[in-house]
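Participant: any chance you can model this:
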Amino acid sequence: MQSIILKVTYFITIFFLTVSGFGQLPIFKRYYIADIPGLEWLAKFYVTHTLHYIFSIILVGLIVYIIVDNILSKEKTLIVPFPIYTKLFLLFGLMITGIFMGIKNYTGTPFSPSLVIILDLTHLTFCMAFLVYSLHTLLTRQKGLIHNL
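Facilitator: The predicted model follows:
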């Protein structure tokens, strides 16, 4: 039961992180997706921004929970097949660039404009690579990050 809850939480978290992340780009309004009844919130920057922060906190908490649970359990399930390390690398790359982008949003942060562009492009690159690799692991039926819990 715990495994199903973690899988559903992980899926919902990744889904809303993706939607809210792309919602911060003006694509939903530009392509009239936000004009569909019930999806108006996708064009509101502060709503998607807040949702992105909330679900990123949930994702970090979920990852910390999985790591602590694996350290304390008798079965060591962090020993996973090699393809999962690729997904973990992409996920941690997303988290690190996301943390720096969150720091950048505070006033008085001494990030140069070129560093901000590099952070944005790196975060977007990690995001696209993570989504493509996740789709690949889903289509090839490889075990996911939360497979033995």
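Participant: from here on, just use CA atoms for contacts and neighbour counts.
Facilitator: OK.
Participant: strands of this protein, residue ranges please.
Facilitator: Secondary structure of the chain by DSSP state E: no strands are present.
Participant: poorly predicted segments of it, please.
Facilitator: 1, 74-83, 143-149 (pLDDT under 70).
Participant: please parse it into its domains.
Facilitator: Following automatic domain parsing, one finds the domains of the chain at 1-76, 80-144.
Participant: in JSON lines: those, plus mean neighbour count.
Facilitator: JSON lines is the format used below for those (neighbours: other Cα atoms under 10 Å):
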{"stretch": "domain 1-76", "mean neighbour count": "15"}
{"stretch": "domain 80-144", "mean neighbour count": "14"}
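Participant: could you check how far Y46 is from G23?
Facilitator: 10 Å (Cα to Cα, to the nearest Å).
Participant: list the contacts for the closest residue in space to L51 that isn't next to it in sequence?
Facilitator: Among residues not flanking L51 along the chain, S20 sits closest, at 6.3 Å (Cα to Cα, 6 or more residues apart in numbering). Counting by Cα atoms under 8 Å, 6 or more residues apart in numbering, S20 makes contact with L42, T48, H49, L51, H52.
Participant: D35 is in contact with the first one, correct?
Facilitator: It refers to L42. No: assessed by Cα atoms under 8 Å, L42 is found out of contact with D35, at 9.3 Å.
Participant: intersection of neighbour lists for these two?
Facilitator: K29.
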